[in-house]
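Engineer: What follows is a predicted structure for the sequence shown.
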Amino acid sequence: MSGGMRQRVMIAMALAGEPQLIIADEPTTALDVTTQARILQLLADLREQEDLAMLLVSHDLRVMAHVADDVVVMYAGRVAERGPAREVLEHPRHPYTRALANNVPAVSTKSAIAEPLQGAPANPFDRPTGCAFHPRCPMAQDRCRTEVPVLREVERGRFSACHFATEVAS
């Protein structure tokens, strides 16, 4: 079976139990863009027809921008930012979200990564003190190395766990 057919079988298996919530973890990974679109449309149709809630886990921001109502961006096991999908992805308030958004390759670029994120991801079992993102953050200051930022509302419906979220330019 093709990747798309395997995904459809998994969706059918998930629906067999008549759930109220579907958790789809990377449902379009390793699929070509046409098959991705079909799988995402199938999930959207099922969500509406069956009145299902859906939690979509993905590293593909293009997918999230098109299918999600709200997004939660996580770094090292903690919420970095959350809010309406389009607003968060088009105008990120957390430096990690901005780095992710800047790394969605454009068709016209020769590099697979537009602006590589410096450093290595945080080890969730041995997080840095303070903000887990501070070793990779271009905005990091002394406060970031000692204080864990609290997820707070930075504008109506938008939340960020960055000490400087109100200073983040969109």
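Structural biologist: Looks like it arrived, so ask away. Numbers count the residues shown, from 1 in each chain.

Engineer: switch to C-alpha atoms for all contacts and neighbour counts from now on
Structural biologist: OK.

Engineer: Let me know the secondary structure of L42.
Structural biologist: Under DSSP: H, G, I helix; E, B strand; the rest coil, L42 falls in the helix class.

Engineer: how about the strands in the protein?
Structural biologist: For the chain, strands defined by DSSP state E occupy the ranges 21-25, 53-57, 70-75, 78-84, 152-155, 158-160.

Engineer: pull the CA atoms of the first one into CSV?
Structural biologist: Listed next in CSV are the C-alpha coordinates belonging to strand 21-25 (Å, rounded to 0.1, in the frame of the first residue of the first chain):
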residue,chain,number,x,y,z
LEU,A,21,-11.3,13.4,19.8
ILE,A,22,-8.8,12.4,17.2
ILE,A,23,-5.1,12.9,17.9
ALA,A,24,-3.2,12.9,14.7
ASP,A,25,0.6,12.9,15.2
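
Engineer: now that strand: how far from the chain's centre is it?
Structural biologist: With CA atoms, centre = their mean, to the nearest Å as the basis, strand 21-25 stands 15 Å off its chain's centre.

Engineer: Stretch 116-133: which residues count as buried?
Structural biologist: Buried residues in stretch 116-133, counting neighbours by 16 or more other CA atoms under 10 Å, are found at 117, 122, 128, 131-133.

Engineer: sorry, back to before: export the strands of the chain as JSON lines, with columns for mean neighbour count.
Structural biologist: Listed next are the strands of the chain as JSON lines, based on neighbours: other CA atoms under 10 Å:
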{"stretch": "strand 21-25", "mean neighbour count": "14"}
{"stretch": "strand 53-57", "mean neighbour count": "15"}
{"stretch": "strand 70-75", "mean neighbour count": "18"}
{"stretch": "strand 78-84", "mean neighbour count": "21"}
{"stretch": "strand 152-155", "mean neighbour count": "15"}
{"stretch": "strand 158-160", "mean neighbour count": "23"}
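
Engineer: Generate CSV for these, with distance to R143 and mean pLDDT as supplementary columns.
Structural biologist: Shown next, in CSV, are the strands of the chain (distance: least, CA to CA, whole Å; pLDDT from 0 to 100):
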stretch, distance to R143, mean pLDDT
strand 21-25, 35, 89
strand 53-57, 31, 91
strand 70-75, 18, 95
strand 78-84, 16, 95
strand 152-155, 17, 93
strand 158-160, 16, 96
